[in-house]
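Participant: give me a 3D structure for the following:
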Amino acid sequence: MTRPRRSWTWQNWAQAAADVASGEVHEHQQFELKRETYGTAESAKRELAKDVAALAVDGGTLVIGIEENRDSGRAAGLTPVELAGQVERIQQVCQNRVDPPLAFTATDLVNPDDPSTGLIVIDVPPSPFAPHQVDGRYYGRADRTVRTLSDPEVIRLHRLRDASEDSILDDLERARRSAAALDLGLSTLAVAITPIPVIRPELVRDELADGNKWLGEVANAAQDRVRRISDGSPLAPLVMQSASFPFSSRNGYATPNGFAFRYNSREDTYAFLEVAESGAVTLIVRDVTDGASIARDRPEYEKFINQYEAATFTALALAVFAEVAERSGFRGIVGLGLRLDGMLTVTPMREPSRRTWDRPVPYPEDHYQRVTSATSVELDGDLTAVMDRLYGRLLRALGLGDMLRQRPTES
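Facilitator: Numbers count the residues shown, from 1 in each chain. Below you'll find the predicted structure:
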């Protein structure tokens, strides 16, 4: 991916006005200016989707409400636009027209002289699924313009995605070796989250110098993030309301990669959380599958997976990385790996207060494994889409349907 050139990260109208007045603001491959909002016609919606999709290859920012000098590409002045409903409409149009769907943020910068108007800033991080299609074509940027990508360019970008997947598989294998060294048994959950590519191998080295305090604060903040998942979220039926690392003791110590917490229950290690100097996060949890009596008067046992515990710990691992990213200033793509071992013949755990089903389906394989990617923006927001990519296939295989699938509507 290309090396980022300067983009202007404005927090308010005054900052934007001052930079535009200075004459320094200008368009480039990762920064685009638009004088006015996109219309409601089909062609305008397509144009919006193309502009956003094109930025996803290297990441960038699109600002609506600034006029550019067409010859020089420099900002010529502020042209505040009507704000009512625009952010929601932009999100809906792009969610439905960009394939695969793209994670980005869109925010208002309100004009103090007329609060109904202002600027709209669309921030698009580098996408793990780039390039993206709009109406069957892949788009990227060439300096100040949007262009259709050639077949060789699309193939090259897809090969980069494959290389990233290999690195995540390596991380999962290291996690499994750690599980074996800690004697966590054969029924484990392993989660690996790492920046791809690793551009700053010492991203949090200074913070980990006081690892016990710093990682403790990160873990506590991650717990708070998961506990804030709203009741209306599709994740709510899967994630425990008191999400935490609930063990009787916690041992912190330095590792060759960074710093780790080993959570103990009685005399046994129950979970292992490590943050590497690169910012990579690994979490291993034991006993996510178990056996239980079918009924009090029957001796038979069935093997089940505690899908609530697995989902909760996975959400906690994602939230730990979100905290690491926020505190270190990381912005970009992360690779995600998930592996559940000891899965053969398991059925989902029954819990009366949760979702119920009539015919649980035994899982046919010894393990379940998923490798995918996400952006730092996704991990900082609603985790539903990310969790669907990680757990959707498993939930369907267990007969639980598309519990996490979100289907937005376009206005």
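
Participant: pLDDT wise, what is residue 245 at?
Facilitator: Looking at residue 245, its pLDDT reads 73.

Participant: for stretch 206-221, the distance to its chain's centre please.
Facilitator: Distance, stretch centre to chain centre, for stretch 206-221: 21 Å (Cα atoms, centre = their mean, to the nearest Å).

Participant: can you tell me what sits against that stretch?
Facilitator: 204, 245, 250, 252, 254, 258-259, 261, 273, 275, 277, 319-320, 323-324, 327-328 (Cβ atoms under 8 Å, 6 or more residues apart in numbering). No exception for glycine: its C-beta is placed from N, CA and C like everyone else's.

Participant: mind giving me the ChimeraX select for the residues you listed, buried ones only?
Facilitator: Selecting only the buried entries of those in ChimeraX, with 16 or more other Cβ atoms under 10 Å as the criterion:
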select :204,245,250,252,258,259,261,273,275,277,319,320,323,324,327
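
Participant: buried residues, the longest helix along the chain. List them.
Facilitator: Secondary structure of the chain per DSSP state H: the longest helix is helix 151-181. Buried residues in helix 151-181, counted by 16+ other Cβ under 10 Å: 154, 157, 161, 164-165, 167-169, 171-172, 174-176, 178-179.

Participant: of these, which is the nearest to residue 110?
Facilitator: residue 157 (37.1 Å; Cβ to Cβ).

Participant: which ones are touching that closest one?
Facilitator: Neighbours of residue 157 in contact, by Cβ under 8 Å, 6+ apart: 57, 130-131, 149.

Participant: is it correct that residue 310 is in contact with residue 286?
Facilitator: No: contact between residue 310 and residue 286 fails when scored by Cβ atoms under 8 Å: they sit 11.6 Å apart.

Participant: ok so, going back, any chance of the contacts of residue 157 in JSON lines, with pLDDT, secondary structure and distance to residue 113 too?
Facilitator: Output for these, formatted as JSON lines (pLDDT from 0 to 100; DSSP: H, G, I helix; E, B strand; the rest coil; distance: Cβ to Cβ, whole Å):
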{"residue": "57", "pLDDT": "86", "secondary structure": "coil", "distance to residue 113": "37"}
{"residue": "130", "pLDDT": "85", "secondary structure": "coil", "distance to residue 113": "39"}
{"residue": "131", "pLDDT": "90", "secondary structure": "coil", "distance to residue 113": "40"}
{"residue": "149", "pLDDT": "91", "secondary structure": "coil", "distance to residue 113": "42"}
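
Participant: ok, of those, which one's closest to residue 381?
Facilitator: Looking across the contacts of residue 157 and measuring by Cβ to Cβ, the closest to residue 381 is residue 130, at 19.0 Å.

Participant: the closest one contacts residue 57, doesn't it?
Facilitator: Yes: using Cβ under 8 Å, residue 130 is in contact with residue 57, at 4.6 Å.
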